[in-house]
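Student: take a look and give me a structure for this.
(one chain, ligands or ions: 1)
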Amino acid sequence: MSLPVDTIRILADRHPKPANIRFTYGTAGFRTLGSTLDSVMFRVGILAGLRSKKLDGKTIGVMVTASHNPEPDNGVKLVDPRGEMLEAAWEAHATNLANAPTTDAFIEALENLVKIAKIDLSKPSRIVYGRDTRPSGPSLVAALEDGFQAIGASVRNAGVTTTPILHYLVRSINTKGTKDEYGIDSEEGYMQKLSTAFKKLVAGKPASPPLIVDCANGVGAQAVDEIIKYLGDSLQLIPHNTATTTPGALNNACGADFVKTTQKLPPSLAQFLKPGQRACSFDGDADRLMYFYLDERGQFRMLDGDKIAALVAAFIVDLVKAAGLEEEIKVGIVQTAYANGGSTKYLSDRLPVKCVPTGVKHLHHAAEHYDVGVYFEANGHGTVLFSPDTQETLAAHQPSTPAQSTALNHLVNLTQLINQTVGDALSDMLLVEVVLAHKSYSGAEWDSLYVDLPNRLVKVVVSDIHIFKTEDAERRLVSPPGLQAKIDELVRRYEAGRAFVRPSGTEAVVRVYAEAMVRAQADELAFRVAGLVYDETGGDPARRPAEFL
Ligand code: G16
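Tutor: Predicted coordinates:
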């Protein structure tokens, strides 16, 4: 069987590649200005069909979103059958197809891919797809659907939904009727699974005070509205920033990325958040979560992905011990270079910790090597993985005391509460609430697990981010040559100083991270390194940002 070249040609001609744009399948798929992505969507539609054929007709997920990016951006990423990110080797195929300059070149690239990946075209192809609330979504989905049609895929439209729900659907569809059945393959199935586990986990605990949820004016608002119906009085959520149809509102001065990068309270919450009250922020597609509160002096205190990892890992370790499974089940942590030095010290004094490059795909794979792998990026993106062996151990274990039995039940319920396919703001939020309820922790008590080193994240706009190459889990630059030595020289001057530079995989910027013993020094170090990056890469002196010292 060969490719339906005639159909592909007719449809491909309706989605020409814009000249002079090079697309890259980056940290989280293709992501750039939505208005430039029509051809990419069409081509990804075909690629998803081929990926499914390659995997014997297993269902592949396609999510149209640009997550934390501003509203004019959009993007698309593929989800592999177990709900995980697309296999790395196929990222290069995706980039290659997206950049074929003409329809003929595209068809040739497709034929090549079929040959080198040894794809049996007679196999069926099945796809489930969804999108976030961005205005550019509907037209981009239409282009994607042309791609599905061109390759003759059987498709299911999950509509407007969160990225983690789409990942959940992919795994649920592919495990349906097997012993590994992940859940009922619908949004209701997801809500039911999470809320049932949550209610069991908090049964008998005093109700927590209401939680303010900043939905980033994105699709998370819809998911929060829905879960409220399932939670009953087990948890009171107060959604804010739910304006999903207001132009320009998405991720604007709100949401997890705003909180993390500005280290500030979203201004829209200022009149609602009382000192001591907990609040959290989702990002635009609800796969990241940040917690925060105001201390008794009204100061903003952030509880980021590192703090979530510390809270959750300690809870799981305690449960494993209490269940009498300390010897069988080992817990490990995965972080990236962005993890605060304070958190790395705290965690590595207690548990094995691994550092990997940015991107959930890297953390996820590393976490799979532990019995229980807790992974969170500092930006709030993460989850917990229970290995198949661990899940079997939990199912087979015979507790010898009532206390062991309770702890075991909690662990089993956690495997149901946690979305193990990918970071999930809704599921992670319920997880945090479970731990806080069990420990009777306020935000301040959670915060006091360890002290964060002051830190600053800065974006630098440079003419070409591709000249930046890193090593050692992105902690050191190898290119441009000589720049790392200059950074080292600067860092040495600051007490507890640490800084690194890496190109973003989701925005056309270079990111600079710095931390130091005191706030003013962390800021100064970050801006000095940013200045170095700017100057070294030929930034126009007249447009050099003033804060780059
Ligand atoms: C995506 C990835 C995350 C990554 C983030 C920023 O998040 O899934 O793993 O941390 O981008 O990546 P970069 O620094 O390379 O731009 P999201 O929430 O935007 O999908």
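Student: any idea how far the residue positioned nearest the centre of the chain lies from Thr537?
Tutor: For the chain, the residue nearest the mean C-alpha position is His381 (4.2 Å; C-alpha atoms, centre = their mean). The spacing between His381 and Thr537, counted by C-beta to C-beta, to the nearest Å, is 28 Å. For glycine as for every other residue, the C-beta is placed from the backbone atoms N, C-alpha and C.
Student: quick check: closest non-adjacent residue to Gly147.
Tutor: Leaving out its chain neighbours, the residue that sits closest to Gly147 by C-beta to C-beta, 6 or more residues apart in numbering is Gly45, at 1.8 Å.
Student: quick one: name whatever helix or strand follows the host helix or strand of that neighbour.
Tutor: Assigned by DSSP states H and E, Gly45 belongs to helix 38-54. Note on helix 38-54: by DSSP H and E, the next helix or strand toward the C-terminus is strand 59-64.
Student: wondering if stretch 87-94 reaches the ligand at all.
Tutor: No: using C-beta under 6 Å from any ligand atom, stretch 87-94 never reaches the ligand; the gap is at least 13.0 Å.
Student: get me the contact residues on this structure for the ligand.
Tutor: By the rule C-beta under 6 Å from any ligand atom, the part of the chain lying against the ligand is 27-28, 67-68, 283, 287-288, 358-360, 377, 379, 381, 504-507, 511.
Student: out of the residues you listed, list just those in strands.
Tutor: Arg511 (DSSP state E).
Student: just the ones of the residues of the chain next to the ligand in helices?
Tutor: Val360 (DSSP state H).
Student: chain neighbours aside, what residue packs nearest to the residue nearest to the centre of the chain?
Tutor: Gly423 (4.1 Å).
Student: so what's that neighbour scoring on pLDDT?
Tutor: pLDDT for Gly423: 97.
Student: ramachandran angles for it?
Tutor: phi -60, psi 140 (degrees, to the nearest 10).
Student: residue contacts, the residue of the stretch 101-250 of the chain found nearest the ligand?
Tutor: Nearest residue of the stretch 101-250 of the chain to the ligand (C-beta to the nearest ligand atom) works out as Thr163 at 7.1 Å. Shown in contact with Thr163 (C-beta atoms under 8 Å, 6 or more residues apart in numbering): 63, 65, 67, 132, 285-287, 422.
Student: so which residues of the stretch 401-549 of the chain form strands?
Tutor: For the stretch 401-549 of the chain, strands defined by DSSP state E, counting those that start in this stretch occupy the ranges 455-460, 469-471, 476-479, 498-503, 510-515.
Student: I'd like these laid out as JSON lines, including mean pLDDT.
Tutor: Putting the strands of the stretch 401-549 of the chain into JSON lines (pLDDT from 0 to 100) gives the following:
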{"stretch": "strand 455-460", "mean pLDDT": "93"}
{"stretch": "strand 469-471", "mean pLDDT": "97"}
{"stretch": "strand 476-479", "mean pLDDT": "97"}
{"stretch": "strand 498-503", "mean pLDDT": "97"}
{"stretch": "strand 510-515", "mean pLDDT": "96"}
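Student: go through these and pick out the most buried.
Tutor: strand 510-515 (a mean of 25; mean count of other C-beta atoms under 10 Å).
Student: where does the residue nearest to the residue of the stretch 101-250 of the chain closest to the ligand when sequence neighbours are not counted land on pLDDT?
Tutor: The shortest distance from Thr163 to any non-neighbouring residue, by C-beta to C-beta, 6+ apart, is to Asp285 (4.2 Å). On the pLDDT scale, Asp285 is placed at 98.
Student: likewise Glu296?
Tutor: Listed pLDDT for Glu296 reads 93.
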